[in-house]
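>>> Here's a sequence, model it:
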Amino acid sequence: MKTKNVIRGIFLAGACMLLAACAGKLNNDNLLKVKNGMTEAQVKEILGSPTKIDTGDVLGLHGSTFIYEKGKTTVQVHFINDSVVAKSGNFE
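Now for the predicted structure:
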């Protein structure tokens, strides 16, 4: 019984650290590093994994939007064919 509680505690501590590390990337300084032409992978390196991803295809173009949520704030990074074309919002 004690072993399960120890394992559960370690798991919860690890999950909290992971969430804190991801949340730490969501700031305006890092958002300013995101530039037009960057790939989805490059944006993930800077801001971490998005909260949500919307995708769609039109006339042979693949579009996606990474949506990052931090508290009540939402930031969107828009891609066409895996290349940043625009971003909106801030992490204030």
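
>>> show me what contacts residue 53?
Residues counted as contacts of residue 53 (Cβ atoms under 8 Å, 6 or more residues apart in numbering) are 64, 65, 66, 67. No exception for glycine: its C-beta is placed from N, CA and C like everyone else's.

>>> Quick check: closest non-adjacent residue to the last one.
Looking back up the chat, that one is residue 67. residue 52 (4.3 Å; Cβ to Cβ, 6 or more residues apart in numbering).

>>> Got phi/psi on the one you found?
Main-chain dihedrals, residue 52, degrees, to the nearest 10: phi -150, psi 150.

>>> Adjust the sequence numbering to begin at 22 for everything that follows.
In the new numbering, first residue 22, that becomes residue 73.

>>> Okay, and the beta partners of residue 90?
With DSSP bridges as the criterion, residue 90 is bridged to residue 95.

>>> returning to what we had before: show the pLDDT at the residue nearest to residue 88.
Residue-level confidence at residue 73 comes out at 97, pLDDT.

>>> what does residue 45 give?
Listed pLDDT for residue 45 reads 84.

>>> who's in contact with residue 76?
Going by Cβ under 8 Å, 6+ apart, residue 76 touches 83, 84, 85, 86.

>>> how about a cut-off of 7 Å?
Applying Cβ atoms under 7 Å, 6 or more residues apart in numbering to residue 76 gives the contacts 84, 85.

>>> Count the residues that sit near residue 73.
Residues contacting residue 73 under the criterion other Cβ atoms under 10 Å number 11.

>>> Can you give me the distance of it to residue 109?
Using Cβ to Cβ, to the nearest Å, one gets 14 Å for the distance from residue 73 to residue 109.

>>> Check residue 63 too.
18 Å.

>>> got it, and residue 47?
According to Cβ to Cβ, residue 47 stands 15 Å off from residue 109.

>>> Neighbour count for these two, which is higher?
residue 47 (19 against 10).
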